[in-house]
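**Student:** Coordinates for the following, if possible.
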Amino acid sequence: MPVAHPQPGEDAPDVTLTDDTGTTVQLSDFWRQRPTVLLFVRHFG
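**Tutor:** Below you'll find the predicted structure:
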């Protein structure tokens, strides 16, 4: 079954992630307060 990817202008899914200190944060906690940019970095090494 194909996966639907977000398109430009669509809201990002409300995901829960772990920050660099180990604290669990929900994406919607950030975008309620201000515009938010979500950046994924691939690390090879």
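**Student:** what about the strands in the protein?
**Tutor:** Assigned by DSSP state E, the strands in the chain fall at 16-18, 24-26.
**Student:** just checking, what packs against the last one?
**Tutor:** Other helices and strands packing on strand 24-26, by 3 or more Cβ pairs under 8 Å, 6 or more residues apart in numbering; DSSP states H and E, are strand 16-18. To be clear about C-beta, it is placed using only N, CA and C from the backbone, and glycine gets the same treatment.
**Student:** in terms of contact, does residue 26 touch residue 12 like I think?
**Tutor:** No - Residue 26 is beyond contact range of residue 12, at 11.6 Å (criterion: Cβ atoms under 8 Å).
**Student:** who touches both of the two?
**Tutor:** Counting by Cβ atoms under 8 Å, 6 or more residues apart in numbering, no residue touches both residue 26 and residue 12.
**Student:** Backbone dihedrals for the most centrally placed residue in the chain, please?
**Tutor:** Centroid-nearest residue in the chain: residue 38, 4.9 Å away (criterion: Cα atoms, centre = their mean). Backbone torsions for residue 38, taken as degrees, to the nearest 10, come to phi -110, psi 120.
**Student:** Identify the residues contacting it.
**Tutor:** Contacts of residue 38 by Cβ under 8 Å, 6+ apart are 12, 27.
**Student:** Quick check: it vs residue 16, distance?
**Tutor:** Going from residue 38 to residue 16 by Cβ to Cβ, to the nearest Å gives 13 Å.
**Student:** what do these two both touch?
**Tutor:** residue 27.
**Student:** rewinding a little: mind putting the strands of the chain into JSON lines with mean pLDDT, mean neighbour count and distance to residue 5?
**Tutor:** Listed next are the strands of the chain as JSON lines, based on pLDDT from 0 to 100; neighbours: other Cβ atoms under 10 Å; distance: least, Cβ to Cβ, whole Å:
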{"stretch": "strand 16-18", "mean pLDDT": "88", "mean neighbour count": "10", "distance to residue 5": "18"}
{"stretch": "strand 24-26", "mean pLDDT": "91", "mean neighbour count": "11", "distance to residue 5": "21"}
